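In: Quick one, structure for this:
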Amino acid sequence: MPTPPKRQDLDLLSSLVVRKALDSVVLPAFGRASGLSIRTEYLPTTLLLEKLSAGATPDVLIGTRDALQDLEASGVLAYGRAVPLVSSGLGLGVTPGAEAPSIATESDLVGTLLGARSVAFSRAGQSGIFFQELLIRLGIAEQVLARATALESGFTGTALMDGRADLAVQQVSELLFVDGIETVVPLPEECQQHTDFSVALGPAAHGKADAQRLVDHLTDRSARNAYVATGLQDISA
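Out: Residues are numbered from 1 along each chain as shown. Sure, this is the predicted structure:
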């Protein structure tokens, strides 16, 4: 009896924002149901776009809505359509056992940032880019950045766990990804940035039914419940 052909693995290139939900719930469920393994790489959206420009051809992409809209317009996406997935806000994470900062207003946030020993942020991430712009608007960029901990990529919460910083700025779901971080406080609305993320078939997805199957799984109700459980907002409606 002939051996059935081996099912092809899929490549997923994703922003960091959904990693906690994907790694803990969504992708394991897909693997059990499909028998497929997913090769996943998580990057800030700016680095994700650089990787695509350098020739990466993932089957499925998760990135900011604006970035995927630009990819739609340039013809990079297979079948040219992205599906809304989640929205995320920024927060401040604190070291385990530390008191949650009171940052209900802009002035509260200014006092908290100026009083911190060091604030960690992601230099390449959307959150870090916005944070630097926010500091300039608040008039405290020089003071805060002089003692900040800038990460080129990855989760800023790691700087809380190894003692490099006592505050970390990033998407709420990204802060919660780091084991040991229990307290994340959203930035006040006047200092907040809400970012929408979408999912799409990538440039290698042409003719791959399994790639569409993965997108369907990433956008089904059980997946969306997992996103909400990790501090993200469902924007499917």
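
In: Okay, buried residues for the host helix or strand of Gly128 please.
Out: Taking DSSP states H and E as the criterion, Gly128 maps to helix 126-138. Using 16 or more other C-beta atoms under 10 Å as the test for burial, helix 126-138 gives 126-132, 134-135, 138. In this view, the C-beta of every residue, glycine as well, is placed from N, C-alpha and C.

In: What of stretch 186-205?
Out: Under the neighbour-count criterion of 16+ other C-beta under 10 Å, stretch 186-205 has 187, 191, 193, 195, 197-205 buried.

In: pLDDT averaged over it - what is it?
Out: Across stretch 186-205, pLDDT averages out at 93.

In: Kindly report the same for stretch 226-237.
Out: So the average pLDDT for stretch 226-237 ends up being 89.

In: for stretch 69-80, same thing?
Out: Mean predicted lDDT for stretch 69-80 stands at 87.

In: quick one: that stretch to chain centroid distance?
Out: The chain centre lies 20 Å from the centre of stretch 69-80; the measure is C-alpha atoms, centre = their mean, to the nearest Å.

In: and if you look at stretch 178-193?
Out: Counting by C-alpha atoms, centre = their mean, stretch 178-193 comes out at 14 Å from the chain centroid.

In: and it, how far apart are its ends?
Out: Start and end residues of stretch 178-193 are separated by 21 Å (C-alpha to C-alpha, to the nearest Å).

In: swap in stretch 114-130?
Out: 18 Å.

In: Buried residues of it, list them for me.
Out: Neighbour-count burial for stretch 114-130, counted by 16+ other C-beta under 10 Å, picks out 116, 118-122, 124-130.

In: got the contact list for it?
Out: By C-beta atoms under 8 Å, 6 or more residues apart in numbering, the surrounding residues in contact with stretch 114-130 are 16, 44-47, 64, 90, 113, 131-132, 140, 143-144, 147-154, 156-157, 159-160, 164-171, 174, 193, 195.

In: So which of the residues you listed sit within strands?
Out: When the contacts of stretch 114-130 are checked against strands (DSSP state E), the matches are 64, 90, 149-151, 167-171, 195.

In: Please check the contacts of stretch 114-130 and keep the buried ones.
Out: Buried among these by 16+ other C-beta under 10 Å: 16, 44-47, 64, 90, 113, 131-132, 140, 144, 148-149, 151, 153-154, 156-157, 159-160, 164-171, 174, 193, 195.
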